[in-house]
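Novice: What would the 3D arrangement of this be:
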Amino acid sequence: MKNAIKVITQFCIYFILICIGFVYLQPIFMMISKAFMSASDVIDPSVEWIPRDFSFDNLKIAADVLNLGETFKNTVLFAGGLATCQTVISAITGFALSRYSFKFKKMWFVLIIVGFIIPIPVLMVPRLMMVVWFQEAIDFVLIGTIIPQVAMAIMGQGIYSTVLILIFYNFFNLIPKSLDEAAMIDGASSLQVFYYVVVRLSLSTILVVFLFSLVWNWNETYITGTLVRGGIDLIPSKLALFDSEFEGAVVAAGSAFKLNEAYKMSATLISITPLIVLYAFVQRKFIQGIENTGITGE
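Specialist: Model (predicted):
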């Protein structure tokens with residue numbers, strides 16, 4: 001009887017997991033299938049999952065429309081730079097909140113949480129006004145460059161920086177303060193304690209935070225579109241304007257290509273492939289880091 005109940009329970013668990021997994025994976029499988037379909041397959045209602053005329057032409061054309069060589073380099077440098085700034089600042093802030101007591105600490109903690117709750121479009125209005133006022137004060141153009149977003153990341157106002165700070169704060173609380181005290185007895189300063197003790201024990205957490213920040217900055221279009229605008233060509237911005245970019249490329253080339261779902265899915269697949277490849281290489285450390293940070297509820 002007990003074995004039967006165990007088998008039924010496991011069956012129910014796996015059934016639920018498969019259903020949930022299908023909800024997440026079905027759009028990805030559909031996107032991959034569409035990306036390799038020919039124009040005739042796209043308009044053929046009998047072709048749904050497996051292309052009859054398997055082709056890589058869609059990927060090549062989508063890469064040309066996205067100007068992949070330049071936009072990929074720009075996106076890696078842009079998102080990677082912002083992720084690095086956010087990771088460093090979030091680690092320092094989380095360390096300060098975890099290790100030090102100071103006036104209005106609880107107030108700052110509440111403000112961090114409130115900053116996460118308030119929608120980004122609401123925060124963008126005063127931020128944009130501040131940037132405009134500052135560029136007029138110094139008589140230097142900031143809107144249309146990466147400077148505002150880099151400055152926001154350095155000042156702890158990057159995309160979901162509050163979440164990253166809380167991740168570090170939660171993990172640093174798990175590190176015994178006796179290690180800090182032992183290092184200070186040996187003559188270590190606060191900066192040395194942070195680097196040689198806390199950071200060395202937090203490499204997996206740092207990886208998690210960096211990857212979170214990288215993915216968020218890679219896929220972000222609202223803030224970038226508001227501040228950077230057309231100042232730099234990035235894959236997400238090119239993808240958002242793919243229809244118009246495709247038509248312009250077709251007219252310039254004098255070709256007879258017609259925009260269809262296969263080209264759009266190919267462009268989308270190209271935009272997410274670098275993140276999938278990156279995760280494939282670091283997924284073990286990433287999962288270990290999530291477990292260590294307590295995100296799973298530990």
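Novice: Strands along the stretch 151-298 of the chain, start to end?
Specialist: In the stretch 151-298 of the chain, no strands are found when defined by DSSP state E, counting those that start in this stretch.
Novice: which residues of it fall in helices?
Specialist: 161-172, 177-185, 190-192, 203-219, 222-227, 235-240, 242-253, 261-293 (DSSP state H, counting those that start in this stretch).
Novice: Tell me how far the residue nearest to A183 when sequence neighbours are not counted lies from S202.
Specialist: Counting by Cβ to Cβ, 6 or more residues apart in numbering, V193 is the residue found nearest to A183 once chain neighbours are left out, at 4.9 Å. All C-beta atoms are positioned from the backbone trio N, CA, C, and that covers glycine. Distance, V193 to S202, by Cβ to Cβ, to the nearest Å: 13 Å.
Novice: least trustworthy helix or strand in the protein by mean pLDDT?
Specialist: Lowest on mean pLDDT, DSSP states H and E among the helices and strands of the chain sits helix 242-253, with a mean of 69.
Novice: Sketch out the low-pLDDT regions of this structure for me.
Specialist: Applying pLDDT under 70 to the chain picks out residues 1-2, 248-259, 288-298.
Novice: Could you pull up the contacting residues of the spatially closest residue to V141 that is not a sequence neighbour?
Specialist: Counting by Cβ to Cβ, 6+ apart, V141 lies nearest to Q135, which is 6.1 Å off, once chain neighbours are set aside. Counting by Cβ atoms under 8 Å, 6 or more residues apart in numbering, Q135 touches 141-143.
Novice: what about S46, neighbour count?
Specialist: 6 (other Cβ atoms under 10 Å).
Novice: coming back round to it: neighbour count: V193 and S202, which is higher?
Specialist: Remark: of V193 and S202, S202 carries more neighbours, 24 against 20, as counted by other Cβ under 10 Å.
Novice: Tell me how far I270 lies from V277.
Specialist: Applying Cβ to Cβ to I270 and V277 gives a distance of 12 Å.
Novice: Would you agree L82 is in contact with Q157?
Specialist: No: if you go by Cβ atoms under 8 Å, L82 and Q157 don't touch, sitting 11.2 Å apart.
Novice: So which of I270 and V277 has more stuff around it?
Specialist: Per other Cβ under 10 Å, whichever of I270 and V277 has more neighbours is I270, with 22 against 9.
Novice: ok so, going back, check which helix or strand the residue nearest to V141 maps to.
Specialist: If you go by DSSP states H and E, Q135 is part of helix 120-138.
Novice: L82 and Q157 - which one has more neighbours?
Specialist: Neighbours per residue, other Cβ under 10 Å: of L82 and Q157, the larger number sits with L82, 25 against 17.
Novice: what about that one, which helix or strand?
Specialist: In the assignment (DSSP H and E), L82 maps to helix 68-99.
Novice: Helix or strand next in line after that helix, which one?
Specialist: Defined by DSSP H and E, the subsequent element after helix 68-99 is helix 105-117.
Novice: just how off-centre is that following helix within its chain?
Specialist: Helix 105-117 sits 22 Å away from the centroid of its parent chain (Cα atoms, centre = their mean, to the nearest Å).
Novice: contacting residues around it?
Specialist: Contacts of helix 105-117 (Cβ under 8 Å, 6+ apart): 97, 123, 160, 162-163, 165-166.
Novice: Most neighbours among those, which one is it?
Specialist: Scoring those on neighbours with other Cβ under 10 Å, the highest-scoring entry is I165 at 27 neighbours.
Novice: list the contacts for that residue?
Specialist: The neighbourhood of I165, defined by Cβ under 8 Å, 6+ apart, consists of 90, 93-94, 97, 112, 156.
Novice: can you tell me how far it sits from S189?
Specialist: 23 Å.
Novice: cool, L164 as well?
Specialist: In terms of Cβ to Cβ, L164 sits 25 Å off from S189.
Novice: Please identify which of those two sits among more neighbours.
Specialist: Using other Cβ under 10 Å, the more surrounded residue of L164 and S189 is L164, with 26 against 10.
Novice: Alright, I will stop here.
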